[in-house]
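**Q** My questions concern the predicted model and sequence given below.
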Amino acid sequence: MVLAGLLFCGTAWTDDSKDWKALREKNLKLGLDTERVDQTLGQCRKNGITAQEAEALLGPVCAAKAEALPTECIFVKIEEGLAKQVDAPRVAVAAEARLDCLRRAGRMVSNVRCGRGGDQQHLVMHTCMALESGLPDAVLQELFNRPAGFRYGRLIHVVEAGETLQLAGLEPQQTLHIMNDCLDRDLDRAELMRAVDFIIAEHANGRDFQSIHDDLWIHSD
């Protein structure tokens, strides 16, 4: 009986290893980053997640890859959940929600700027995060549709600032006003962050938006 038990355990372990190996190979064949896949699968195994559960977790990543969307922010979402010991089904739901935001961001950016590239991918990721943080689609769409167009580098920083202001409790239209101001003034990231820090500090002190805005560029400059 002991021998039979050992043989059964050995068979189960071997089958389990085959499942993980097959899952790894499946994801690598899709073109996903090897280090990212290994890191995520390793964390899944460490958390006691089965290969089948891990496959479900990586489903949104595979979907993003197939749709030419950046996969990094979905990997990050999964890893955050795993690090917090969140159960696999809840992590999968969070990853699907981020994929939805990523798709919305991808459509929004592609509607105003064609082509693919690293800068566009970064803009899609930051737009995704801003959407997930609650900044309305309409605000970002209006920003992207500015008559003067945009440069990726500047807009990426402005969207990042918009997410920060949204999380700080500003109204969406107030945030849009600031983002447009920053683009109009062609601020670099350091200048933009100084403006954001000033707004957040004054907002936390209870000042109304108009009075903050009246003083903003004097203090920021």
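**A** Happy to help now that I have it.
**Q** Give the burial count for residue 29, as a bare number.
**A** If you count neighbours by other C-beta atoms under 10 Å, residue 29 ends up with 8. Where C-beta positions appear, they are placed from N, C-alpha and C, glycine not excepted.
**Q** That one and residue 78: what is the separation?
**A** Distance, residue 29 to residue 78, by C-beta to C-beta, to the nearest Å: 19 Å.
**Q** what's the nearest residue to the residue nearest to the spatial centre of the chain if we skip its chain neighbours?
**A** By C-alpha atoms, centre = their mean, the chain has its centre lying nearest to residue 73, at 3.8 Å. Leaving aside its chain neighbours, residue 73 sits nearest to residue 125 (4.9 Å; criterion: C-beta to C-beta, 6 or more residues apart in numbering).
**Q** so who does residue 216 touch?
**A** 178, 181, 195, 198-199 (C-beta atoms under 8 Å, 6 or more residues apart in numbering).
**Q** quick one: low-confidence parts of the chain?
**A** Scanning the chain for pLDDT under 70 picks out 1-15, 113-117, 148-150, 219-221.
**Q** Try it again at 90.
**A** Where the chain drops to pLDDT under 90, the residues are 1-18, 110-120, 145-153, 217-221.
**Q** all helices for it, in order.
**A** 2-29, 34-46, 51-57, 59-66, 72-83, 88-112, 118-132, 137-144, 152-168, 172-184, 189-204, 209-220 (DSSP state H).
**Q** separation between the closest residue to residue 168 other than its chain neighbours and residue 186?
**A** Nearest residue to residue 168 in three dimensions, chain neighbours excluded: residue 200, at 4.7 Å (C-beta to C-beta, 6+ apart). Distance, residue 200 to residue 186, using C-beta to C-beta: 22 Å.
**Q** With residue 217 instead?
**A** 13 Å.
**Q** that older thread, how about the residue nearest to residue 168, what does it touch?
**A** 164-165, 168.
**Q** Let's see that with 10 Å instead.
**A** With contact set as C-beta atoms under 10 Å, 6 or more residues apart in numbering, residue 200 has these partners: 164-165, 167-170, 212.
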